[in-house]
Each structure stands twice: as structure tokens, then as C-alpha cells.
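Participant: heads up, no residue letters with this:
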């Protein structure tokens, strides 16, 4: 059965700008580490795990944090109801290079654990207590058709009720994150979920 | 993945498969070695990979897997190409048909290239999993852009689950799912830094389990909804979950893997008693084995014979879910469940029934599980 699905929120972090549902909510022109730290401080949270993350996880975790803040009604869902489907081009290469540099001295387990792209999904799930479906795919460019197919399948079949999906990519100072929250109930500001809509939003940022 | 409410959803059949490992170049060669209780895990001394001797299942150092050609395929790509070529041979599946999709599963692909030179734009492109997937797709003539799954140690099972869903929703008719990983210093040093490796051959689910062995290999499973394969073994259900607990340690309870098992059973319209045996992840680390034993017990599967094949292959990372599923498919076909080499006395005897000796059993269905860093879990059910 096909279910109605809506993009009830989207968040982008790109070119020094954090934007949610369109409007800019935070801006800082600095290097990536500086931006990630400032954006974290903007949220005024005490979440020490953030400091241990690599830049890919920080970027994806922050995008999810801004995406869900104030507007996601977590209590509507069981932990198993929310899924996370992410994709990027550079896998964990940003951290891979840092880990490989570390082994010239002593191999660092805390860098090694981030040499997998799906760790950012783990960080988002830990923070939000999401225990549903999850997957990480590598694509040369954001393949919104494929991601929409995956999300459609999971929601249509009632495997999950809500899904965070999108693109989170980092290599050195090149980065871009765009996450979409897809739910079955529409809201005053939601738009109908589709590959075309994701592409339109992604290409605007 | 049949569902009684949706009669239009097609069934997904296993068309053909291949295992390329240090034990053999075909599924038949591999299964024959396992029947004889021969393991690929040996002690190696190779300073290029580790300053100390280590136990692993590795290919011979200069082994070539495809005939020399102008493409300069890396070892990772050669493994994929050789495995896919053997699986396709005589399968009747047309890779040039737009209804056929290629899915590649790997954790680290060509990461070893990073070990020899500084990162440049060119090297970045060469390391990318998308580059390897494109080269492999072009080698065979696949028409559609390949899909790449990179989700830690569930990559192989997630590849099968992704393929099954694409086929069930009629996006494609055929899917070629291939997984591979190559063990180099990058990966070895990381597992050493985690103190996750056993000093000897690994002992999955044994009371003395003390860590894993790494392994190299590739596996390919070809799936189809075409009814000409209707007599073949089917994918009955699959599910994925996250622990939401810790990025490098599994759930303390096993509840989240149990949730994935429950959902896979539900999709297959199965009760736990329909599962004749389980091919576990069984890495032989204390944390993994305990979590899996918990999940199996929570799922009401305490009685089902369980094996781990890590003692034969080591942990083949992105290929593991495929290689271990393919061996288990052979177990269905040959009515022989392979034992858990390295296991003697159970760490959790009341929770899991570990298979210590070969079992002659006309099994209909098996469950394959996998878990990995990032708190991910996956379960898939194959059956007649």
C-alpha cells in the first residue's frame, strides 16, 4: 500500500551556513573544525561525546540536531519506528587519512572506529534513541531516486514510520550535509516527499 | 519477502552464487573444504601487514585473480570481477539488461592504496568505492549505475536486503550482489589497536573466545524474481536495526538484533520453529558472541543449531554476510550443517545451541545474522 509521505523538515550545513527549512539559523565563515564547534556551541548542549567524533560524524550529527530541534515530536514514535538512510561520495576518507597518519606513531583506536561511514548513523541513533532500519550507501553524487525508493519502501510497508535521509560528505575542507525528515503526517509547512523535491532542495543549497 | 496481504509482491529466488576465498575459487570448492574441516586461517609473518606474526585467512601474496589486462584493476576489484564472473557463468542472467542491477558491498575497498602515497585528488578518486563499482560494472557491461553498500560488518547482509527490496518493489528483475574486502596494514593495525584480534585461531562462542581473526575473500549472490528460477531457494525476509548504544561495542542486551530477527521472521510469515539453523556473525570476540547469544535466546531460537564460519574464513568484513549465506545455502541443498571450527565448550550453553560437529539435517530455512561497528544489526532468512 502506498502511504502519503511528507518532508516535514530539512536542514543543510554548507558554505559556513546552517539552514533549516530554508532560513539561515547560524552562520560562521571559518575552517570546518571551527564551524562545527561554533555550531555545536550555538545549540548550548552538554553532550561530551561530540568532541570525540570525527568531522563526518560531527557534521551529520549537527545536521540531525538542528533538523529535529523543537519540531520533531519524538514521543509520537517508538525507538524502532525511526530509520536513518544516508549516503555520500567520500565514505570516511577524511578520517581514514587521519587514522593512517596516526599509525606512524601509535595506531589510535578512537580514530580507527570512525574509518567507517556508517558511524555517523550510529552517533545520530545514540543521541536520539533511534533503533529502526538504517543503511549507508556510497554514491558519486546524491542519487535522490535511489534514496527515495528506499525510504518509500520502508514507510509504505510500515517497517518504519519516520525516516531521516540525506547526504553527509566531508573531505578536508570540502563538506556538505543535507538531511530530510520524512513522516506520514503532513504539517503546516511540509511538502510532499519525492526524489524531485529532494533534488530541488539539495541543488539550491 | 512474501506478504499475504500483498499478493502482487514477487518472490525473490537465488539464481547462482560464488565464493572466492583462500579455500577455493568456487562455491563447490569452498564447501568441499569445509566438509573436510579445512580452515583458511593460518599463522602469517608479513611485515607489510603487521610487525608481529598473526593468524588470518589470506590469499597468497602475488596471486592474480583475473588475466592481466590494460585496466590495472586492484586486488579488491579483481576479487569482485572473478567472483561475479564465476557466479554469472551459466546463470542465464543478462547483465546488459536494464532490469539487472549490480550491488557492491565493502567496508574499506581500495583503502590499501592510501598506505603507499600521499593523498591527491587522483588518489582520492582511485580509492573511492564508486570508482571500483564503476570499473566492475563496465567490465561486465551493466547498464545502470551500481549501488554501493558500506555499512561496516553488515555490508554483505545489507546488500542482500537492499537487493531483495529493489526486486520486491519491481525496480529490477535481477540483482548481482557482490562483496569483498582485502586485508592490509590499515585494517590489521586498526583491529590490533582495538585489541580485538585473537593470538591464535579464533574460537567463536567458546568459553575461551578471546578475539577474532581477519580474512580475505569475495562472495557473489545473484537474485531474481524471474519464475524460471521458481524451484530455487528464496530470500524469505530481511531486516536491519541499530542498537543506539555505542559506536564500537554491541548492545548489552541483544534486544536490537532480536528486533531485526523478529521483523525478518514476520516478513517470512515464520514462527521461530521454522528456522532450522542459524549462521551467526560469531566473530569470537566476547562482546559480540554474548550479544548474539542474548539475541538468539530472546528470539526463542535457543534450540536451533548455530554455527559461526569465522574459524574457516576469519572475518571477511564486507564479504562475510555473503560468503556465510552462500555456505548456508549449500547446507540447505546438501542437508549438511557445517560445524563451528574452534568451538569446544559453550560460553552461553543455555542461550545458544552451538553446532560443534557436522549435522546431517534436511533443513528448509536458515537465518543469517550480522552486526557491526556503529551499532548496526542485520538479519536475513533464506529458505526452500
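Facilitator: The structure has been received and is ready for your questions. Just so it is clear, the structure is predicted and the values come from calculations on it, not from any experiment.
Participant: so where do the helices sit in chain A?
Facilitator: A:32-42, A:49-52, A:55-68, A:93-102, A:109-112, A:119-128, A:144-156, A:195-204 (DSSP state H).
Participant: count of residues packed around residue A:14?
Facilitator: By the criterion of other C-beta atoms under 10 Å in any protein chain shown, residue A:14 has 15 neighbours. In this view, the C-beta of every residue, glycine as well, is placed from N, C-alpha and C.
Participant: the one 5 residues further on too?
Facilitator: For residue A:19, the tally of surrounding residues (other C-beta under 10 Å) stands at 20.
Participant: surely residue A:57 and residue A:119 touch.
Facilitator: Yes: between residue A:57 and residue A:119 there is a contact under C-beta atoms under 8 Å: 5.8 Å.
Participant: who's in contact with the nearest residue to residue B:126 once chain neighbours are set aside?
Facilitator: Excluding the flanking residues, the one nearest residue B:126 by C-beta to C-beta, 6 or more residues apart in numbering or on different chains is residue B:113, at 6.1 Å. Applying C-beta atoms under 8 Å, 6 or more residues apart in numbering or on different chains to residue B:113 gives the contacts B:74, B:123, B:126, B:127.
Participant: how far away is the residue nearest to the first one when sequence neighbours are not counted from residue A:55?
Facilitator: Leaving aside its sequence neighbours, residue B:74 sits nearest to residue B:110 (C-beta to C-beta, 6+ apart; 5.2 Å). As judged by C-beta to C-beta, to the nearest Å, residue B:110 and residue A:55 stand 21 Å apart.
Participant: cool, and residue B:39?
Facilitator: When residue B:39 is compared with residue A:55 (using C-beta to C-beta), they lie 40 Å apart.
Participant: pLDDT wise, what is residue A:1 at?
Facilitator: With respect to pLDDT, residue A:1 scores 66.
Participant: can you check the distance spanned by stretch B:33-47, start to finish?
Facilitator: Start-to-end span of stretch B:33-47 (C-alpha to C-alpha, to the nearest Å) is 29 Å.
Participant: ok, residues contacting it?
Facilitator: B:21-24, B:53-58, B:61, B:201-202, B:213, B:215, B:309, B:311-314, B:327, B:336, B:338-339, B:341, B:358.
Participant: show me which residues of that stretch are buried.
Facilitator: B:33, B:34, B:39, B:40, B:41, B:44, B:46 (16 or more other C-beta atoms under 10 Å in any protein chain shown).
Participant: again with stretch A:48-67
Facilitator: A:50, A:53-67.
Participant: check stretch A:183-191 too.
Facilitator: Buried residues in stretch A:183-191 (16+ other C-beta under 10 Å): A:183, A:184, A:190, A:191.
Participant: in CSV: the buried residues of stretch B:33-47, plus pLDDT.
Facilitator: Below are those laid out as CSV (pLDDT from 0 to 100):
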residue, pLDDT
B:33, 98
B:34, 98
B:39, 98
B:40, 98
B:41, 98
B:44, 98
B:46, 97
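Participant: so which pair among those residues is furthest apart in space?
Facilitator: Greatest spatial distance among the buried residues of stretch B:33-47 (C-beta to C-beta): B:34 and B:46, at 25.1 Å.
Participant: and residue B:348, that one's in a helix?
Facilitator: No: Residue B:348: not assigned to a helix; according to DSSP: H, G, I helix; E, B strand; the rest coil it is coil.
Participant: surely it and residue B:204 touch.
Facilitator: No: under the criterion of C-beta under 8 Å, residue B:348 is not in contact with residue B:204, lying 11.7 Å apart.
Participant: any shared contact partners between these two?
Facilitator: Contacts common to residue B:348 and residue B:204, judged by C-beta under 8 Å, 6+ apart, are residue B:289.
Participant: pick out whichever of those two has more residues nearby.
Facilitator: residue B:204 (27 against 17).
Participant: confirm that that one lies within a helix, as I assumed.
Facilitator: No: Residue B:204: not assigned to a helix; according to three-state DSSP it is coil.
Participant: next up, the contacts around it.
Facilitator: Residue B:204 touches B:280, B:282, B:283, B:284, B:289, B:308, B:310, B:311, B:340, B:342, B:343, B:354, counting by C-beta under 8 Å, 6+ apart.
Participant: surely the fifth one and residue B:347 touch.
Facilitator: This means residue B:289. Yes: counting by C-beta under 8 Å, residue B:289 does reach residue B:347; the two are 6.2 Å apart.
Participant: how's chain B carved up into domains?
Facilitator: B:12-228, B:233-383 (automatic domain parsing).
Participant: now do the longest one: distance from first to last residue.
Facilitator: Its first and final residues considered, domain B:12-228 spans 11 Å by C-alpha to C-alpha.
Participant: ok, residue 30 - how many residues close by?
Facilitator: Looking at chain A here, since you left the chain open. 11.
Participant: ah, no, chain B please
Facilitator: 28.
Participant: quick one, phi psi at it?
Facilitator: Dihedral angles phi and psi of residue B:30 (degrees, to the nearest 10) take the values phi -70, psi -50.
Participant: nearest spatial neighbour of the residue positioned nearest the centre of chain B, skipping sequence neighbours?
Facilitator: Taking C-alpha atoms, centre = their mean, the centroid of chain B lies closest to residue B:321, which sits 1.6 Å from it. In this structure, residue B:321 finds its nearest non-sequential neighbour in residue B:156, 2.7 Å apart by C-beta to C-beta, 6+ apart.
Participant: since that was my last question, I'll sign off now.
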